[in-house]
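1. prediction below, plus the sequence it came from.
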Amino acid sequence: MAVIIFILLLSILVVIHELGHFLVARRRKVGVEEFGFGYPPRLLKLFDWQGTVFTLNAIPFGGFVKLEGEEYVPDTSTKKRSSSTAFYTKSVFDRIAVIVAGPLANILFGMVAFSVVFGLVGVPRPLNDRPRIGEVSTGSPAQQAGIQSDFELVGFRLFDDFIATPKIEDVVEFTKLNQGHTVTAVMTGPCSGLECPETLEEKAVYIRTEAETPAGQGSIGLVFADFVFETGPWYWRAIRGVAYGVQGALSLGVVIVVAVVDLFKNLIIGGQLPSDIAGPIGIVHQASQYQLLSRGIAPLLEFTGMLSINLGIMNALPIPALDGGRILFILLEKMIGRKKIQNVEGYVHYGGFILLVGLLILISLRDVAQIFQS
C-alpha cells in the first residue's frame, strides 16, 4: 500500500511540475502541443484547449508537456519550426522562465504544503534539550511501565536517592550507569506546548543492558522530542504557518543542495555513497516504518511537501538531462553560439541521463541491502 501511495504522490508532483512549465509557456506565448497525463503510448485524446491537446497515456505515472519547437531545427522551410510561438525562437529570458517554472512549481507547492501543516498543528518551539517524551517504542520497558508521549522526565529515584534530569544528556548518563536495574521514573503528566502540569507521576521502569536493547532503541525505549507545536487562534496559526512554511521549505532546500554536493564529492573522492542518502525504495521503506499512512493528514502532507521540494531542487541543479542542465546550455548558447551548442547538447543530456539512472540503481541496490540487513 505504501508503494502505491508513494507512486500516486510522486505522479501528482510530476503533473504539478509539468503544469508549471505549461502555464509559463502559455504566458510567454510559447506553443504547447500536448499536455499528457502518464507517459506514451497514447491511449486517448481527452480534449483540445487553445491549441493544446490533453491526452491520457498508457504508463500510469506522472505526465509531460510537449512544447512547439522545443528542439532547434535550423530549417526555415518548415513552416511550423519558423513559427513565432516555437520555443527555440524565444529569448533567453523566456526560455529560462519556461524551464525554471517546473522546479519552481514544486518548491512553491512544498511551501504551501508546509504552511498548511503548520497551520493545522501549530508552529514549532524548541525544547532546548528538555527530556520531553516524543515517542515510546513498542514492547519497550517504558511502554510496559505505562509511560506515554508528551510526558516530561523530571528525574529518577534509585533506592533513597533522587537524581534530577533537567536535560536529555542527564537521562542518557543516568541510564548508562544503571543498566540492569529497575528504577522509578518521576515525570510530569501530559504537557501542552511548552507548559507542563505541576503534579508528578512515578513509574517503575527497567533499564535494559546493551545486550538486551534492540537495535535502534534506547535502554528504556524513549525517543525525546526536539520541539513542540504551539497552537493558538486559527488566524494566528494561519499567519505564522505561512512564515514557518516558507522558512521550512527554504531550509530543506539548503539541506538537499548540501546533500547532493556531498553525494558527488563522496563518489568522486571516496568512491562510495553517503550513508544518509536514500532512493525511492529507501524512502518508501522509511515511510512504511514510520507508519505514515496511519498518522493522519498532517504527516502525509508534510511528507508530500518534502518530496515536492526534493523534486524541485533536484531538477533545478545544473546537471545534464535535468531542467537545470537545460538552463546551463541556454546560457552557454548565448556565450558561444547556438550552432556549436546544438551539436553536442543532445549527447551530453543523454550521457547525463545514463549516469543519473546508474546512480539511482546504485542507491536503490544499497537501499535493498540495508532493508534486508535490518
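-> Thanks, I have the structure now.
2. what count of nearby residues applies to the nearest residue to Ala164 once chain neighbours are set aside?
-> Distance criterion CB to CB, 6 or more residues apart in numbering; nearest residue to Ala164, sequence neighbours excluded, is Gly155 at 4.2 Å. C-beta: built from backbone N, CA, C; applies to glycine. A count of nearby residues for Gly155, using other CB atoms under 10 Å, gives 21.
3. C-terminal to the host helix or strand of Gly155, what's the next element?
-> Under the criterion of DSSP states H and E, Gly155 resides in strand 153-158. For strand 153-158, the succeeding helix or strand toward the C-terminus, using DSSP H and E, is strand 161-164.
4. would you mark the buried spots in that following strand?
-> Applying a neighbour-count criterion of 16 or more other CB atoms under 10 Å, the buried positions in strand 161-164 are Ile163.
5. please put the alpha-carbon coordinates of it into PDB.
-> This file holds the C-alpha atoms of strand 161-164, laid out as PDB (Å, rounded to 0.1, in the frame of the first residue of the first chain):
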ATOM      1  CA  ASP A 161      18.300   8.900  46.200                       C
ATOM      2  CA  PHE A 162      16.600  11.300  43.700                       C
ATOM      3  CA  ILE A 163      18.600  12.200  40.600                       C
ATOM      4  CA  ALA A 164      17.300  15.200  38.700                       C
END
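6. what packs against whatever helix or strand comes next after it?
-> Sequence-wise, the next helix or strand beyond strand 161-164 is helix 168-177, with elements assigned using DSSP H and E. Applying 3 or more CB pairs under 8 Å, 6 or more residues apart in numbering; DSSP states H and E, one finds that helix 168-177 makes contact with strand 161-164, strand 222-224.
7. and those as TSV, adding mean pLDDT and distance to Pro41?
-> As requested, the helices and strands packed on helix 168-177 are exported to TSV (pLDDT from 0 to 100; distance: least, CB to CB, whole Å):
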stretch	mean pLDDT	distance to Pro41
strand 161-164	94	69
strand 222-224	94	48
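8. can I get the ones you listed in JSON lines with distance to Val172?
-> Below are these laid out as JSON lines (distance: least, CB to CB, whole Å):
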{"stretch": "strand 161-164", "distance to Val172": "13"}
{"stretch": "strand 222-224", "distance to Val172": "9"}
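9. and Trp236, which of these is closest to it?
-> Trp236 sits nearest to strand 222-224 of all the helices and strands packed on helix 168-177, at 27.2 Å, using CB to CB.
10. which helices and strands sit right next to the helix or strand just after the closest one?
-> Moving toward the C-terminus from strand 222-224, the next helix or strand (DSSP H and E) is strand 227-230. In terms of contacts (3+ CB pairs under 8 Å, 6+ apart), strand 227-230 is packed against strand 123-126.
11. following the strand it packs on, which helix or strand shows up next?
-> Per DSSP H and E, strand 123-126 leads on to strand 133-136 as the next helix or strand towards the C-terminus.
12. can I get that next one in PDB? Just the C-alpha atoms.
-> As requested, C-alpha coordinates have been extracted for strand 133-136 and formatted as PDB (Å, rounded to 0.1, in the frame of the first residue of the first chain):
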ATOM      1  CA  ILE A 133       9.000  12.200  25.500                       C
ATOM      2  CA  GLY A 134       8.100  12.300  21.800                       C
ATOM      3  CA  GLU A 135       7.600   8.600  21.300                       C
ATOM      4  CA  VAL A 136       7.600   5.300  23.200                       C
END
